[in-house]
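Visitor: Let me see the structure of the following:
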Amino acid sequence: MGMPVSVHVRGPAARGADAEHAVAELFASLRDADAMFSTYRADSQVSRLRRGELDLDGCGPAVREVHGLCAQARAATDGYFDAWAPTRGFDPTGLVKTWALERAARPLSALPGLGAAVGAGGDILVLPDDDPAPWSIGIEDPRDRSRTLASVPVHDGGVATSGIAARGAHIIDPHTGRAVTEVLSATVSGPSLMWADVWATAAVARGADATRWVDGLAGTSGLLVMAGGAVHRWANPA
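Guide: Below is the predicted model of the structure:
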């Protein structure tokens, strides 16, 4: 997937062979997802779908599942998350990383007494254990990436960040086709890492209107760093 992935485990089962096997399964699952979904690999199902060599019915169930989730995400974000924008064909890159991470972490979540924090490209999935102390997830300041702007306590769920600090203005407004720069970074915490990732990307794509929109995302919390320097925080009940 072209990004660092780290696994941190804790609890009484953390040093056992079962935990080591579950971590190995996690990485194997991510490699399988990369083989199916990579837009850089000519032989992936997504690349073949984009070229018209496969139709959706000819793809595997995982690809069909992600295709459906991307359609749901487009509807849920008023089109600000759009895997078909602008005209390059189906590209699930903005959703599939965190979908694959949640899927790959299932062997870890099945181990009693094992807690874990799994990070991939700045997004963190936290699996609960019996320890009442939450994991503390730091949020990078996009204006100074050596500085932590805030920290989020998480016991179960995910924290996703999208923005332009690391890769420049690469997120577009699908309605205009233009890159957006009004939101430097959007961090969303919620029960689902995949949906937190979708909400964070859509918030950046919305630009200045994101401060109003995130206040309506039930069951999430987070912060936006705006280009003008303002920081918008929210915490919404489920």
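Visitor: Now for R74, how many residues are close by?
Guide: Using other C-beta atoms under 10 Å, R74 has 20 neighbouring residues. (Glycine included, C-beta is placed from N, CA and C.)
Visitor: moving C-terminal of the one helix or strand it maps to, what's the next helix or strand?
Guide: For R74, the host element (DSSP states H and E) is helix 61-76. On the C-terminal side of helix 61-76, the closest following helix or strand by DSSP H and E is helix 93-104.
Visitor: Quick one: mean pLDDT for that following helix?
Guide: Mean per-residue pLDDT for helix 93-104: 96.
Visitor: Give me the buried positions along that helix.
Guide: G94, L95, V96, K97, T98, W99, A100, L101, E102, R103, A104 (16 or more other C-beta atoms under 10 Å).
Visitor: Is it possible to get a markdown table of these that adds distance to A110?
Guide: Compiled in a markdown table, the buried residues of helix 93-104 are given as follows (distance: C-beta to C-beta, whole Å):
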| residue | distance to A110 |
| --- | --- |
| G94 | 28 |
| L95 | 24 |
| V96 | 22 |
| K97 | 22 |
| T98 | 19 |
| W99 | 18 |
| A100 | 17 |
| L101 | 16 |
| E102 | 13 |
| R103 | 13 |
| A104 | 12 |
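Visitor: Tell me the strands beside the longest strand along the chain, with direction?
Guide: Among the elements of the chain assigned as strand by DSSP state E, the one spanning the most residues is strand 144-154. Strand pairing for strand 144-154, determined by DSSP bridges: strand 135-141 (antiparallel).
Visitor: for the residue nearest the centre of the chain, helix, strand, or coil?
Guide: Note on the chain: the residue nearest the mean C-alpha position is D197, at 3.5 Å, using C-alpha atoms, centre = their mean. On the three-state scheme (DSSP: H, G, I helix; E, B strand; the rest coil), D197 is labelled helix.
Visitor: Next, work out how far apart it and L49 are.
Guide: According to C-beta to C-beta, to the nearest Å, D197 stands 22 Å off from L49.
Visitor: Can you name every helix or strand that the helix or strand hosting R48 contacts?
Guide: R48 is located in helix 45-50, with elements delineated by DSSP H and E. For helix 45-50, the packing partners by 3 or more C-beta pairs under 8 Å, 6 or more residues apart in numbering; DSSP states H and E come out as helix 17-37, helix 61-76.
Visitor: The same query, at a cut-off of 7 Å, please.
Guide: helix 17-37 (3 or more C-beta pairs under 7 Å, 6 or more residues apart in numbering; DSSP states H and E).
Visitor: Which elements pack onto the helix it packs on?
Guide: Using 3+ C-beta pairs under 7 Å, 6+ apart, helix 17-37 sits against strand 5-10, helix 45-50, helix 61-76, helix 93-104, helix 106-109.
Visitor: Using CSV, please lay out these together with distance to S29.
Guide: Shown next, in CSV, are the helices and strands packed on helix 17-37 (distance: least, C-beta to C-beta, whole Å):
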stretch, distance to S29
strand 5-10, 11
helix 45-50, 16
helix 61-76, 10
helix 93-104, 4
helix 106-109, 8
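Visitor: Which one, of those, ends up nearest to G190?
Guide: When the helices and strands packed on helix 17-37 are compared by C-beta to C-beta, helix 93-104 sits nearest G190, at 11.3 Å.
Visitor: How many neighbouring residues does A218 have?
Guide: Other residues close to A218 by other C-beta under 10 Å number 8.
Visitor: That one in helix, strand or coil?
Guide: A218 ends up coil, using three-state DSSP.
Visitor: residues in contact with it?
Guide: A218 makes contacts with N236, P237, A238, as judged by C-beta atoms under 7 Å, 6 or more residues apart in numbering.
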